[in-house]
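1. One predicted model, sequence on top.
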2 protein chains.
Amino acid sequence: MSTETWFQGHLSELSEDECLELAATKAVGRIAYTGPQGPEVIPVNFLLREGTVLIRTSPHGALGRLVHHGVAAFQVDDIDDFTQSGWSVLLRGRVEPVTSDELPAEDARPVVWPEGQRSLHLRLTPSTVTGRRLLPA
Amino acid sequence: MSTETWFQGHLSELSEDECLELAATKAVGRIAYTGPQGPEVIPVNFLLREGTVLIRTSPHGALGRLVHHGVAAFQVDDIDDFTQSGWSVLLRGRVEPVTSDELPAEDARPVVWPEGQRSLHLRLTPSTVTGRRLLPA
(Lines give C-alpha, C1' and ligand atoms only; values in the text may rest on other atoms or scores of the structure.)
Protein backbone atom coordinates (compact mmCIF):
# COMPACT_ATOMS: atom_id res chain seq x y z
CA MET A 1 0.00 0.00 0.00
CA SER A 2 2.64 2.54 0.94
CA THR A 3 4.78 2.16 -2.14
CA GLU A 4 2.56 3.60 -4.80
CA THR A 5 0.53 6.53 -3.50
CA TRP A 6 1.25 10.22 -3.48
CA PHE A 7 2.54 9.62 0.01
CA GLN A 8 5.76 7.98 -1.04
CA GLY A 9 8.13 10.95 -1.14
CA HIS A 10 7.84 12.49 2.29
CA LEU A 11 5.94 9.60 3.70
CA SER A 12 5.10 9.37 7.34
CA GLU A 13 3.03 6.42 8.48
CA LEU A 14 0.42 7.38 11.05
CA SER A 15 -0.27 5.35 14.16
CA GLU A 16 -3.79 4.06 14.71
CA ASP A 17 -4.35 6.71 17.40
CA GLU A 18 -3.18 9.47 15.07
CA CYS A 19 -5.49 8.13 12.35
CA LEU A 20 -8.51 8.24 14.64
CA GLU A 21 -7.57 11.68 15.97
CA LEU A 22 -7.24 13.12 12.47
CA ALA A 23 -10.38 11.44 11.16
CA ALA A 24 -12.34 12.88 14.09
CA THR A 25 -11.56 16.41 12.88
CA LYS A 26 -13.64 15.94 9.72
CA ALA A 27 -17.40 15.94 9.16
CA VAL A 28 -17.45 14.11 5.83
CA GLY A 29 -15.78 10.86 4.80
CA ARG A 30 -16.17 8.54 1.84
CA ILE A 31 -17.52 5.05 2.06
CA ALA A 32 -16.32 2.64 -0.63
CA TYR A 33 -17.77 -0.76 -1.34
CA THR A 34 -18.15 -3.19 -4.19
CA GLY A 35 -21.57 -2.82 -5.79
CA PRO A 36 -23.14 -4.79 -8.63
CA GLN A 37 -21.38 -2.51 -11.17
CA GLY A 38 -18.04 -2.47 -9.39
CA PRO A 39 -16.53 -0.08 -6.85
CA GLU A 40 -18.71 2.73 -5.47
CA VAL A 41 -17.58 5.74 -3.48
CA ILE A 42 -20.14 7.86 -1.64
CA PRO A 43 -19.47 10.88 0.59
CA VAL A 44 -21.29 10.74 3.93
CA ASN A 45 -21.44 12.56 7.22
CA PHE A 46 -20.07 10.46 10.04
CA LEU A 47 -19.08 10.32 13.67
CA LEU A 48 -16.35 8.28 15.29
CA ARG A 49 -17.51 6.52 18.42
CA GLU A 50 -15.46 4.08 20.45
CA GLY A 51 -13.22 3.36 17.50
CA THR A 52 -16.11 2.66 15.12
CA VAL A 53 -17.57 4.77 12.32
CA LEU A 54 -21.24 5.71 12.70
CA ILE A 55 -23.11 6.85 9.62
CA ARG A 56 -26.75 7.69 9.23
CA THR A 57 -28.52 7.07 5.98
CA SER A 58 -31.76 6.31 4.25
CA PRO A 59 -33.03 2.73 4.66
CA HIS A 60 -34.01 2.65 0.98
CA GLY A 61 -30.82 3.71 -0.80
CA ALA A 62 -27.64 1.99 -1.93
CA LEU A 63 -26.02 2.41 1.46
CA GLY A 64 -28.99 0.68 3.06
CA ARG A 65 -28.18 -2.33 0.90
CA LEU A 66 -24.57 -2.15 2.15
CA VAL A 67 -25.81 -4.04 5.16
CA HIS A 68 -25.87 -7.10 2.96
CA HIS A 69 -22.52 -6.45 1.32
CA GLY A 70 -20.71 -6.57 4.61
CA VAL A 71 -17.24 -5.28 3.92
CA ALA A 72 -16.46 -1.64 3.18
CA ALA A 73 -13.68 0.91 3.46
CA PHE A 74 -14.12 4.33 4.98
CA GLN A 75 -11.71 7.01 3.83
CA VAL A 76 -11.08 10.45 5.32
CA ASP A 77 -8.47 12.92 4.18
CA ASP A 78 -7.36 16.51 4.28
CA ILE A 79 -5.35 17.74 1.32
CA ASP A 80 -3.77 21.15 0.87
CA ASP A 81 -3.29 21.97 -2.81
CA PHE A 82 -1.13 24.99 -1.99
CA THR A 83 1.51 23.24 0.10
CA GLN A 84 0.96 19.94 -1.76
CA SER A 85 0.64 18.10 1.49
CA GLY A 86 -1.98 16.37 3.59
CA TRP A 87 -3.06 13.14 5.20
CA SER A 88 -5.32 10.23 4.40
CA VAL A 89 -6.82 7.62 6.69
CA LEU A 90 -8.51 4.34 5.72
CA LEU A 91 -10.68 2.26 8.03
CA ARG A 92 -11.63 -1.13 6.64
CA GLY A 93 -14.06 -3.60 8.09
CA ARG A 94 -17.56 -4.92 8.34
CA VAL A 95 -20.65 -2.76 8.18
CA GLU A 96 -23.76 -3.62 10.17
CA PRO A 97 -26.95 -1.88 11.16
CA VAL A 98 -27.13 -0.33 14.62
CA THR A 99 -30.26 -1.36 16.49
CA SER A 100 -32.20 1.35 18.27
CA ASP A 101 -31.19 0.21 21.75
CA GLU A 102 -27.51 0.37 20.79
CA LEU A 103 -27.85 3.93 19.50
CA PRO A 104 -26.15 6.73 21.38
CA ALA A 105 -28.27 9.62 22.69
CA GLU A 106 -29.76 11.89 20.04
CA ASP A 107 -27.11 14.58 20.52
CA ALA A 108 -24.33 12.01 20.09
CA ARG A 109 -25.57 10.75 16.73
CA PRO A 110 -24.09 11.81 13.40
CA VAL A 111 -25.30 15.18 12.16
CA VAL A 112 -26.46 14.95 8.57
CA TRP A 113 -26.17 18.05 6.40
CA PRO A 114 -28.98 17.44 3.91
CA GLU A 115 -32.67 17.14 4.59
CA GLY A 116 -34.56 13.88 4.23
CA GLN A 117 -35.24 10.73 6.16
CA ARG A 118 -32.12 9.23 7.72
CA SER A 119 -33.50 6.58 9.99
CA LEU A 120 -30.93 3.87 9.33
CA HIS A 121 -27.73 3.97 11.35
CA LEU A 122 -24.82 1.88 10.15
CA ARG A 123 -21.64 1.09 12.00
CA LEU A 124 -18.34 0.17 10.42
CA THR A 125 -16.13 -1.70 12.85
CA PRO A 126 -12.61 -1.41 11.49
CA SER A 127 -10.39 -4.45 11.36
CA THR A 128 -7.56 -2.27 10.06
CA VAL A 129 -6.89 1.44 10.57
CA THR A 130 -4.09 2.82 8.42
CA GLY A 131 -3.00 6.26 7.38
CA ARG A 132 -0.21 8.32 5.94
CA ARG A 133 0.86 11.90 6.01
CA LEU A 134 2.55 13.68 3.13
CA LEU A 135 4.79 16.45 4.42
CA PRO A 136 5.36 19.57 2.31
CA ALA A 137 8.41 19.24 0.08
CA MET B 1 -27.30 6.27 -5.91
CA SER B 2 -28.98 9.64 -5.45
CA THR B 3 -31.30 8.65 -2.65
CA GLU B 4 -28.92 7.94 0.17
CA THR B 5 -25.98 10.32 0.19
CA TRP B 6 -25.43 13.59 1.95
CA PHE B 7 -26.60 15.16 -1.29
CA GLN B 8 -30.23 14.34 -0.86
CA GLY B 9 -31.52 17.53 0.77
CA HIS B 10 -30.46 20.27 -1.60
CA LEU B 11 -29.51 17.88 -4.32
CA SER B 12 -28.50 19.05 -7.73
CA GLU B 13 -27.41 16.45 -10.24
CA LEU B 14 -24.44 17.55 -12.32
CA SER B 15 -24.22 17.03 -16.05
CA GLU B 16 -21.28 15.04 -17.41
CA ASP B 17 -19.68 18.28 -18.65
CA GLU B 18 -20.06 19.91 -15.24
CA CYS B 19 -18.54 16.82 -13.60
CA LEU B 20 -15.47 16.94 -15.82
CA GLU B 21 -15.12 20.71 -15.39
CA LEU B 22 -15.24 20.46 -11.60
CA ALA B 23 -12.95 17.44 -11.44
CA ALA B 24 -10.39 19.30 -13.56
CA THR B 25 -10.06 21.96 -10.84
CA LYS B 26 -8.51 19.46 -8.39
CA ALA B 27 -5.02 17.97 -8.22
CA VAL B 28 -5.84 14.94 -6.08
CA GLY B 29 -8.56 12.33 -6.46
CA ARG B 30 -9.19 8.95 -4.92
CA ILE B 31 -9.04 5.70 -6.80
CA ALA B 32 -11.17 2.88 -5.38
CA TYR B 33 -10.98 -0.74 -6.40
CA THR B 34 -11.65 -4.16 -4.98
CA GLY B 35 -8.44 -5.69 -3.64
CA PRO B 36 -7.83 -9.12 -2.12
CA GLN B 37 -8.94 -7.78 1.30
CA GLY B 38 -11.95 -5.86 -0.02
CA PRO B 39 -12.36 -2.26 -1.08
CA GLU B 40 -9.29 -0.01 -1.23
CA VAL B 41 -9.19 3.78 -1.56
CA ILE B 42 -5.94 5.52 -2.45
CA PRO B 43 -5.40 9.26 -3.02
CA VAL B 44 -3.48 10.03 -6.20
CA ASN B 45 -2.47 12.98 -8.33
CA PHE B 46 -4.24 12.94 -11.66
CA LEU B 47 -4.93 14.77 -14.87
CA LEU B 48 -8.03 14.71 -17.01
CA ARG B 49 -7.27 14.27 -20.69
CA GLU B 50 -9.83 13.82 -23.43
CA GLY B 51 -12.40 12.65 -20.93
CA THR B 52 -10.11 10.04 -19.37
CA VAL B 53 -8.26 10.06 -16.04
CA LEU B 54 -4.47 9.81 -16.26
CA ILE B 55 -2.59 8.76 -13.17
CA ARG B 56 1.08 8.09 -12.74
CA THR B 57 2.28 5.53 -10.26
CA SER B 58 4.96 3.06 -9.33
CA PRO B 59 5.00 -0.14 -11.40
CA HIS B 60 5.60 -2.19 -8.23
CA GLY B 61 2.80 -1.04 -5.92
CA ALA B 62 -0.84 -1.95 -5.43
CA LEU B 63 -1.95 0.46 -8.13
CA GLY B 64 0.40 -1.25 -10.56
CA ARG B 65 -1.53 -4.44 -9.94
CA LEU B 66 -4.76 -2.55 -10.66
CA VAL B 67 -3.98 -3.17 -14.30
CA HIS B 68 -5.09 -6.72 -13.71
CA HIS B 69 -8.18 -5.83 -11.70
CA GLY B 70 -9.64 -3.87 -14.54
CA VAL B 71 -12.54 -1.96 -13.06
CA ALA B 72 -12.14 0.99 -10.71
CA ALA B 73 -13.89 4.14 -9.58
CA PHE B 74 -12.23 7.53 -9.43
CA GLN B 75 -13.72 10.03 -7.01
CA VAL B 76 -13.07 13.77 -6.75
CA ASP B 77 -14.81 16.16 -4.42
CA ASP B 78 -14.67 19.56 -2.79
CA ILE B 79 -16.40 19.92 0.55
CA ASP B 80 -16.80 23.05 2.62
CA ASP B 81 -17.30 22.24 6.29
CA PHE B 82 -18.27 25.82 7.10
CA THR B 83 -21.16 26.18 4.66
CA GLN B 84 -21.86 22.42 4.79
CA SER B 85 -21.90 22.24 1.04
CA GLY B 86 -19.83 20.87 -1.81
CA TRP B 87 -19.76 18.58 -4.78
CA SER B 88 -18.63 15.05 -5.56
CA VAL B 89 -17.91 13.41 -8.90
CA LEU B 90 -17.46 9.71 -9.64
CA LEU B 91 -15.92 8.30 -12.81
CA ARG B 92 -16.24 4.55 -13.18
CA GLY B 93 -14.64 2.36 -15.76
CA ARG B 94 -11.76 0.21 -16.88
CA VAL B 95 -8.15 0.92 -16.01
CA GLU B 96 -5.35 0.09 -18.40
CA PRO B 97 -1.69 0.93 -18.78
CA VAL B 98 -0.75 3.71 -21.17
CA THR B 99 2.00 2.68 -23.55
CA SER B 100 4.84 5.12 -24.07
CA ASP B 101 3.80 6.06 -27.60
CA GLU B 102 0.32 6.95 -26.37
CA LEU B 103 1.69 9.23 -23.65
CA PRO B 104 1.17 12.96 -23.92
CA ALA B 105 4.20 15.27 -23.96
CA GLU B 106 6.14 15.46 -20.70
CA ASP B 107 4.58 18.78 -19.69
CA ALA B 108 1.08 17.37 -20.25
CA ARG B 109 1.55 14.39 -17.92
CA PRO B 110 0.26 14.27 -14.36
CA VAL B 111 2.41 16.11 -11.84
CA VAL B 112 3.16 13.92 -8.85
CA TRP B 113 3.73 15.61 -5.50
CA PRO B 114 5.98 13.08 -3.80
CA GLU B 115 9.40 11.94 -4.82
CA GLY B 116 10.06 8.44 -6.12
CA GLN B 117 9.83 6.47 -9.31
CA ARG B 118 6.53 6.95 -11.11
CA SER B 119 7.14 5.31 -14.45
CA LEU B 120 3.78 3.61 -14.87
CA HIS B 121 0.96 5.63 -16.37
CA LEU B 122 -2.57 4.32 -16.01
CA ARG B 123 -5.65 5.52 -17.75
CA LEU B 124 -9.19 5.12 -16.48
CA THR B 125 -11.70 5.38 -19.32
CA PRO B 126 -15.02 6.17 -17.69
CA SER B 127 -18.12 4.30 -18.76
CA THR B 128 -20.17 6.47 -16.38
CA VAL B 129 -19.54 10.00 -15.13
CA THR B 130 -21.90 11.10 -12.36
CA GLY B 131 -21.88 13.84 -9.80
CA ARG B 132 -23.94 15.83 -7.38
CA ARG B 133 -23.77 19.18 -5.73
CA LEU B 134 -25.01 19.91 -2.25
CA LEU B 135 -26.12 23.51 -1.96
CA PRO B 136 -25.81 25.34 1.37
CA ALA B 137 -28.98 25.06 3.46
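-> That came in fine, so what should we check first?
2. least trustworthy helix or strand in chain A by mean pLDDT?
-> Using mean pLDDT, DSSP states H and E, the weakest-scoring helix or strand in chain A turns out to be helix A:62-69, at a mean of 70.
3. and the helix or strand following that helix, which residues are buried?
-> Later in the chain than helix A:62-69, the nearest helix or strand by DSSP states H and E is strand A:71-80. By 16 or more other C-beta atoms under 10 Å in any protein chain shown, the buried positions in strand A:71-80 come out as A:71-77, A:79. Just so you know, the C-beta spots here come from the backbone N, C-alpha and C atoms, and that holds for glycine as well.
4. next one: stretch A:84-101
-> A:84-93, A:95, A:98.
5. quick one: least confident of the residues you listed?
-> Lowest in pLDDT among the buried residues of stretch A:84-101 is residue A:84, which has 83.
6. what's near enough to touch that residue?
-> Residue A:84 sits next to A:134, A:136-137, B:27, B:113 when contact means C-beta atoms under 8 Å, 6 or more residues apart in numbering or on different chains.
7. likewise residue A:28?
-> A:43-46, B:6, B:79, B:81, B:86.
8. is it fair to say residue A:59 lies in a helix?
-> No - going by DSSP: H, G, I helix; E, B strand; the rest coil, the assignment for residue A:59 is coil, not a helix.
9. For the residue nearest in space to the middle of chain A, which non-adjacent residue is spatially closest?
-> The residue lying closest to the centre of chain A (C-alpha atoms, centre = their mean) is residue A:74, at 3.1 Å. Take residue A:74 and drop its neighbours on the chain: the residue closest to it by C-beta to C-beta, 6 or more residues apart in numbering or on different chains is residue A:91, 4.5 Å away.
10. what does residue A:121 give?
-> Residue A:121 sits nearest to residue A:98 (C-beta to C-beta, 6+ apart), 4.1 Å away.
11. Roughly how far does that neighbour sit from residue A:56?
-> Taking C-beta to C-beta, to the nearest Å as the measure, residue A:98 and residue A:56 are separated by 9 Å.
12. mind listing the helices for chain A?
-> Secondary structure of chain A (DSSP state H): helices at A:16-23, A:62-69.
13. Report the buried residues of the first one.
-> Going by neighbour count (16+ other C-beta under 10 Å), the buried part of helix A:16-23 is A:18-20, A:22-23.
14. thinking again about what came up before, run through the bridge partners of the residue nearest to the centre of chain A.
-> residue A:31, residue A:91 (DSSP bridges).
15. In strands, which of the buried residues of stretch A:84-101 appear?
-> A:85-93, A:95 (DSSP state E).
16. Could you dump those into JSON lines with distance to residue A:50 added?
-> Listed next are these as JSON lines, based on distance: C-beta to C-beta, whole Å:
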{"residue": "A:85", "distance to residue A:50": "30"}
{"residue": "A:86", "distance to residue A:50": "26"}
{"residue": "A:87", "distance to residue A:50": "22"}
{"residue": "A:88", "distance to residue A:50": "22"}
{"residue": "A:89", "distance to residue A:50": "17"}
{"residue": "A:90", "distance to residue A:50": "19"}
{"residue": "A:91", "distance to residue A:50": "13"}
{"residue": "A:92", "distance to residue A:50": "17"}
{"residue": "A:93", "distance to residue A:50": "13"}
{"residue": "A:95", "distance to residue A:50": "16"}
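17. What is the nearest of those to chain B?
-> Taking C-beta to the nearest C-beta as the measure, chain B lies nearest residue A:88 of those, at 4.9 Å.
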